[in-house]
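Engineer: below are the sequence and a predicted model; questions follow.
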Amino acid sequence: MYSGRILVSIALLAASSAIAQSYPAKPVRIIIPFTSGAAADTVARLIAPKLTDAMGQPIVIENRPGAGGVLAADLVAKSAPDGYTLMMGSPGPLTINPVLLSKVPYDPARDFAPITLVAIVPSILLVNPSLPAKTVKELIALAKAKAGQLNFASAGNGSVPHLTGELFKLSAGIEAVHVPYKGSAPAITDMLGGRVSFFFDNIASGMPYVKSEKLRGLAVTSTSRSKLVPELPTMIEAGVPGFEAASWSALVAPAGTPEAIVTRLHAEVVKAVRQPEIGDRLRGLGTEVVANTPGEFNAFMTAERAKWAKVIKSARITVE
């Protein structure tokens, strides 16, 4: 009986080795759930040439925007699990939409094989200089003194900036009115005009306003300080225990993709992002390289879904 099991194991190992050696035999598509220029798109286009060189086949970037990333995620989830259709995903399609939306045609925990969390993009907590709050503690005190009178901007209902603002309210025990915008640009415009109290913006887009002193940065939402604004504390350092929130870019394949292919893709992506020229360009955009293991990435997504589910339920967030 044992010899039979050993023979089966040897056969599986041989088959896995053969798959790894022959893959890829044709171009590989990386589907982006958003338009060109989005963070996931930028990350994918930076590493694609390195992957093409390493794997000997073209890595083709294909933008499939729509329904907050649902269309692209559904396409990849239902693609053949052969390593030729991948997705550079983000919080929306992989951890937020399945909780936020009443019906999603895929299950991110069941329908994807995690490859790696490539990089994260922390946010920066911004306030207008006219607001009498120079620290996170002062902002919290002000919000409590003026219960329900402060407001905060977001890039849209259910977006990462929206949920981050709601997480802040929940963690700090404050009230503030959510003001959704159609993207970060109009939110920044109203921040500059003093019509909005605070905004958790992408660190890359928010940082120039802090450097020019048009807006005041209070903290970053990562667990460690950003090299772009090392003078700013993390939210945890600023007095909000356990606070962490960020956008991110991560590579997934359809569930059932052979382990050998997942292992190969993981190794090549890690090698690509750890090359100095790629890492430096990502860090210059406010992006922090992670490149963790499939198991670590899976655990990260599980924790993210639980965190945002709690926020969405507590804030009673719905999207029509």
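Structural biologist: Now that the structure is in, tell me what you want to look at.
Engineer: now do the strands in the stretch 51-200 of the chain.
Structural biologist: 59-63, 85-89, 112-127, 151-154, 177-180, 198-202 (DSSP state E, counting those that start in this stretch).
Engineer: check the offset of the third one from the chain's centre.
Structural biologist: For strand 112-127, the distance between its averaged C-alpha position and the chain's averaged C-alpha position is 3 Å (Cα atoms, centre = their mean, to the nearest Å).
Engineer: quick one: strands adjacent to it?
Structural biologist: strand 198-202 (antiparallel), strand 216-220 (antiparallel), strand 246-254 (antiparallel), strand 288-289 (antiparallel) (DSSP bridges).
Engineer: which stretches of the stretch 1-150 of the chain form helices?
Structural biologist: 2-22, 39-55, 70-77, 91, 97-100, 108-111, 136-145 (DSSP state H, counting those that start in this stretch).
Engineer: want to try a markdown table for these, with mean neighbour count and distance to P161 as columns?
Structural biologist: Yep, even glycine has a C-beta here, placed from its N, CA and C like the rest. Formatted as a markdown table, the helices of the stretch 1-150 of the chain follow (neighbours: other Cβ atoms under 10 Å; distance: least, Cβ to Cβ, whole Å):
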| stretch | mean neighbour count | distance to P161 |
| --- | --- | --- |
| helix 2-22 | 11 | 41 |
| helix 39-55 | 20 | 13 |
| helix 70-77 | 22 | 19 |
| helix 91 | 23 | 11 |
| helix 97-100 | 21 | 14 |
| helix 108-111 | 16 | 21 |
| helix 136-145 | 18 | 16 |
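Engineer: and these as TSV, adding distance to I317?
Structural biologist: Listed next are the helices of the stretch 1-150 of the chain as TSV, based on distance: least, Cβ to Cβ, whole Å:
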stretch	distance to I317
helix 2-22	43
helix 39-55	22
helix 70-77	17
helix 91	14
helix 97-100	7
helix 108-111	18
helix 136-145	19
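Engineer: of those helices, which shows the lowest average pLDDT?
Structural biologist: For the helices of the stretch 1-150 of the chain, mean pLDDT drops lowest on helix 2-22, to a mean of 51.
Engineer: quick one: closest of the helices of the stretch 1-150 of the chain to I188.
Structural biologist: helix 39-55 (16.6 Å; Cβ to Cβ).
Engineer: give me the helices and strands touching that closest one, please.
Structural biologist: strand 28-32, strand 59-63, strand 85-89, strand 112-127, strand 246-254, helix 259-273, helix 276-284 (3 or more Cβ pairs under 8 Å, 6 or more residues apart in numbering; DSSP states H and E).
Engineer: out of those, nearest to G165?
Structural biologist: Among the helices and strands packed on helix 39-55, strand 112-127 sits nearest to G165 (Cβ to Cβ), with 9.3 Å.
Engineer: what's the mean pLDDT across that closest one?
Structural biologist: 97.
Engineer: and for stretch 301-308?
Structural biologist: 96.
Engineer: restrict that stretch to CA atoms and write it as PDB.
Structural biologist: What follows is stretch 301-308, C-alpha atoms only, in PDB (Å, rounded to 0.1, in the frame of the first residue of the first chain):
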ATOM      1  CA  MET A 301      -6.800  38.700   2.300                       C
ATOM      2  CA  THR A 302      -8.700  36.700   4.900                       C
ATOM      3  CA  ALA A 303      -7.900  39.400   7.600                       C
ATOM      4  CA  GLU A 304      -8.700  42.200   5.200                       C
ATOM      5  CA  ARG A 305     -12.200  40.800   4.400                       C
ATOM      6  CA  ALA A 306     -12.900  40.400   8.100                       C
ATOM      7  CA  LYS A 307     -11.800  44.000   8.800                       C
ATOM      8  CA  TRP A 308     -13.800  45.600   6.100                       C
END
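Engineer: got a list of contacts for that stretch?
Structural biologist: Applying Cβ atoms under 8 Å, 6 or more residues apart in numbering, the contact partners of stretch 301-308 are 91, 94-96, 98-100, 108-109, 114, 163, 167, 250.
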